[in-house]
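S.K.: Turn this into a model:
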Amino acid sequence: MTGPVSRRNLFKVGSGVAAAGLGAAIASPARAQGPETEVIWHSKLVYPGADGKLNYAADNASGRKIPNFSWAGYRNGEAPIPDVPTALTIGPLPPGQDNTAHINDALAEVGAMTMDANGIRGALKLEPGLYEVAGTVEINSSGVVLRGSGRSGDPAVGTIIKSTSTGGLEQGGVECPVRIRSADPNAKWERPVGPSIPVIESVEAGSRRLKLAPGNGLAVGDNIIIWHRCTAKWIGEIDNGGVDNDPPWPVDSEPIMYNRFVKAIQGEETVICAPVFNDLDIALSEITVHKWDNANEVRNSGIEDLRVDMPEPVTDDQNARSDSCIVIERTRDTWVRNVATLRFKQSGVMVRRSHRVTVEDVWALEPRSELEGRRRYNFCAGYMAQQVLFTDVVATEARHAFIAGGGASTSGVVWLDAVSKNGYLESGGHAHWSQGLLFDNVYEQMNDSPPGTQEKDVVLNLHNRQDSGGDEAGGRPHGWSSVYSVLWNCKLDNDNKACVQRPPTSQNFAIGTSGNLAEVVTDTNWLVTEEPGYVEDKAGTLEPVSLYRKQLADRLA
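M.R.: Now for the predicted structure:
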């Protein structure tokens with residue numbers, strides 16, 4: 001196969017994440033393939049047509065279809081992550097010295113180099129060794145890669161960035177030891193600016209076509225923000241957000257936003273680069289488009305081949321270390337790959353205010369914090385994270401291993417070939433109407449979980465969390481965690497369960513997911529009872545094995 005379809009791992013089945021250092025207990029999340037005589041089955045909602053590409057049918061109960069998730073990842077999955085040439089190499093300072101400025105000065109030197117036609121400047125190579133950092137190592141220029149010599153814990157062969165900060169932001173420390181972030185605080189799009197262009201016809205979830213007011217001045221290539229106001233009428237239509245005893249979500253608290261590019265203008269319709277993941281109903285909300293200049297986003301930058309480690313805490317005090325190992329913020333087309341993160345408080349990798357990001361072959365292990373809210377979100381798609389692909393990732397001892405934590409601004413996120421081991425709580429959407437989440441060959445291996453007061457047997461959820469979170473500082477009730485979201489070919493160990501519920505105006509789906517799904521809607525010890533989502537499973541092998549990979553192959557073919 002030639003061209004972009006041959007990008008790395010496109011048709012790979014199973015993750016092969018049982019790498020050295022993790023042991024045999026972590027296995028591939030994909031279901032084991034049976035003998036050649038095993039029955040192959042297709043979903044009633046997603047099945048191959050005569051041309052071999054997938055067809056999509058609506059669920060009879062809700063009238064909704066499964067979305068296309070294939071735009072997640074670096075450059076919408078249309079190009080592989082580049083192998084960036086080394087531009088500069090440095091080694092660590094002697095033990096006990098702070099390497100923060102040492103590394104940042106070298107990154108600035110690479111960032112001042114001339115950018116090539118592909119938007120690349122070069123990579124800073126860190127030789128094997130221990131790099132103690134008291135502050136934050138930060139890539140704030142486009143086309144710059146921070147590359148180590150491997151993620152081994154042995155400093156003779158691997159590159160270890162070791163935080164020496166003894167507290168998070170609340171304690172005057174640093175949020176994270178490694179970050180990709182634009183230095184421009186205005187490189188974000190959570191508030192519309194400039195003239196607004198009304199959307200004059202409602203848009204179905206999954207569509208890439210907008211009918212806008214005429215004479216809008218848009219052109220192919222323009223970056224636009226689609227803005228769906230959080231009105232009282234819309235909140236009422238979604239059952240006050242799903243709350244029970246707490247007040248309804250406040251007006252304007254959860255606007256739906258999409259960051260998109262104009263791909264074509266066909267008559268009265270504007271075609272955008274990726275679908276919307278919620279119905280945009282002009283009878284319920286004002287829906288507008290705003291042109292955005294995407295000024296100073298960091299692009300085409302990445303972190304590779306290293307280990308990021310936090311100090312071992314003296315106690316289990318959650319304030320004893322930085323919040324996250326790696327944060328990606330105010331970026332587009334960025335990546336993290338072949339990296340190990342350890343002993344964080346909040347996340348191994350946190351992505352927020354960013355789009356078209358790939359996190360590939362990354363471990364988020366041994367979090368060190370109390371089992372409390374906003375802790376141990378090992379792989380988190382936070383506020384305004386869109387089109388993010390987490391693939392071949394491994395989490396241990398998480399509260400929420402694979403989580404969308406950004407509310408209605410978070411959408412189009414995929415966790416592919418992902419393993420969670422020894423967790424305490426569920427993976428899934430977390431709060432406030434996150435949309436278009438795909439859990440594709442996710443393996444929740446909870447059978448060896450250590451005892452804990454928060455340990456649950458419902459571990460992979462697309463559901464209503466009702467009044468959860470309303471008692472958190474500055475929080476409001478979580479309500480509906482996820483909509484238009486899918487569990488595809490996932491695996492749950494032993495008697496663990498998945499909760500898939502149907503939100504008002506939307507649907508959630510579980511296709512070919514092993515484990516107990518039927519009893520969950522009556523499990524009132526923790527989960528509130530709602531209408532069940534669409535659940536389909538049969539004996540045999542579900543095809544396609546990976547929904548994301550097949551959708552991407554169909555689109556690029």
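S.K.: roughly how far apart are Lys345 and Val84?
M.R.: As for Lys345, its distance to Val84 is 31 Å (criterion: Cβ to Cβ, to the nearest Å). (C-beta placed from N, C-alpha, C; glycine too.)
S.K.: now Val327
M.R.: Note on Val327: its distance to Val84, by Cβ to Cβ, is 21 Å.
S.K.: re the thing from before, if you count what's nearby, which of Lys345 and Val84 comes out ahead?
M.R.: Neighbour count, other Cβ atoms under 10 Å: between Lys345 and Val84, Lys345 has more, with 26 against 22.
S.K.: Skipping its backbone neighbours, what lies nearest the more buried one in space?
M.R.: Ser369 (4.4 Å; Cβ to Cβ, 6 or more residues apart in numbering).
S.K.: Kindly report the same for Val220.
M.R.: In space, and not counting its chain neighbours, Val220 is closest to Val262: 5.4 Å by Cβ to Cβ, 6+ apart.
S.K.: any idea which element that neighbour lies in?
M.R.: Element membership for Val262, per DSSP states H and E: strand 256-266.
S.K.: so what does that strand touch, helix or strand wise?
M.R.: strand 223-228, strand 269-272 (3 or more Cβ pairs under 8 Å, 6 or more residues apart in numbering; DSSP states H and E).
S.K.: now the ones you listed as CSV including mean pLDDT?
M.R.: What follows is those, written out as CSV (pLDDT from 0 to 100):
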stretch, mean pLDDT
strand 223-228, 95
strand 269-272, 97
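S.K.: Given the helix or strand Asp361 falls within, what are its sheet partners and their directions?
M.R.: Asp361 belongs to strand 347-365 when elements are defined using DSSP H and E. Neighbouring strands of strand 347-365 in its sheet, by DSSP bridges, are strand 324-342 (parallel), strand 379-381 (parallel), strand 385-396 (parallel).
S.K.: quick check: mean pLDDT across it?
M.R.: Strand 347-365 shows a mean pLDDT of 96.
S.K.: Stretch 51-60 now?
M.R.: The pLDDT scores in stretch 51-60 average 96.
S.K.: what residue lies at the spatial centre of the protein?
M.R.: Closest to where the C-alpha atoms of the chain average out (Cα atoms, centre = their mean) is Ala381, at 3.9 Å.
S.K.: Dump the C-alpha coordinates for stretch 131-146 into CSV.
M.R.: The C-alpha coordinates for stretch 131-146 follow below in CSV (Å, rounded to 0.1, in the frame of the first residue of the first chain):
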residue,chain,number,x,y,z
TYR,A,131,18.4,15.1,34.5
GLU,A,132,17.2,16.6,37.7
VAL,A,133,14.8,19.5,37.2
ALA,A,134,13.3,21.8,39.8
GLY,A,135,11.2,23.7,37.2
THR,A,136,9.4,22.9,34.0
VAL,A,137,11.2,21.9,30.7
GLU,A,138,9.0,23.5,28.1
ILE,A,139,8.8,23.4,24.3
ASN,A,140,7.2,26.7,23.3
SER,A,141,8.3,26.8,19.6
SER,A,142,6.8,25.0,16.6
GLY,A,143,8.8,22.3,14.9
VAL,A,144,10.9,21.3,17.9
VAL,A,145,11.2,17.8,19.4
LEU,A,146,12.6,16.9,22.8
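S.K.: what's the distance between the residue nearest to Lys345 and Tyr377?
M.R.: Counting by Cβ to Cβ - Ser369 and Tyr377 are separated by 10 Å.
S.K.: Gly236: what secondary structure?
M.R.: Classification of Gly236 by DSSP: H, G, I helix; E, B strand; the rest coil places it in helix.
S.K.: How about the contacts made by the closest residue in space to it that isn't next to it in sequence?
M.R.: Of all residues beyond its chain neighbours, the one nearest Gly236 is Pro248 (7.7 Å), with distances taken as Cβ to Cβ, 6+ apart. By Cβ atoms under 8 Å, 6 or more residues apart in numbering, the contact set of Pro248 is 235-236, 240-241.
S.K.: how about 10 Å then?
M.R.: By Cβ atoms under 10 Å, 6 or more residues apart in numbering, Pro248 lies in contact with 232, 235-236, 238-242, 476-477, 479.
S.K.: So what's the predicted local confidence for it?
M.R.: 89.
S.K.: Can you classify it as helix, strand or coil?
M.R.: Secondary structure, three-state DSSP: Pro248 is coil.
S.K.: mind checking how far it is from Asn240?
M.R.: 4 Å.
S.K.: So which residue of the chain lies furthest out from the middle?
M.R.: Residue of the chain lying farthest from the centroid, by Cα atoms, centre = their mean: Pro94 (37.1 Å).
S.K.: picking that back up, just so I know, which of the helices and strands packed on strand 256-266 lies nearest Asn55?
M.R.: Asn55 lies closest, by Cβ to Cβ, to one member of the helices and strands packed on strand 256-266: strand 269-272, at 20.9 Å.
S.K.: what residues does the helix or strand following that closest one touch?
M.R.: Where DSSP H and E defines the elements, the next helix or strand beyond strand 269-272 is strand 287-291. Applying Cβ under 10 Å, 6+ apart, the external contacts of strand 287-291 come out as 189, 191-203, 210, 212-213, 216-219, 222-229, 256-258, 260, 262, 270, 272, 276, 280-281.
S.K.: Give me the buried entries from these.
M.R.: Neighbour-count burial (16 or more other Cβ atoms under 10 Å) applied to those gives 189, 192, 196-197, 199, 203, 210, 212, 216, 218, 222-229, 256-258, 260, 262, 270, 272, 276, 280-281.
S.K.: Name the nearest residue to Arg299, sequence neighbours excluded.
M.R.: Ser142 (4.5 Å).
S.K.: Now do the SS call for the one you found.
M.R.: Secondary structure for Ser142, judged by three-state DSSP, is coil.
S.K.: Return the residues in contact with it.
M.R.: Each residue near Ser142 by Cβ under 10 Å, 6+ apart is listed here: 111, 115, 119-121, 180, 182, 296-301, 331-334.
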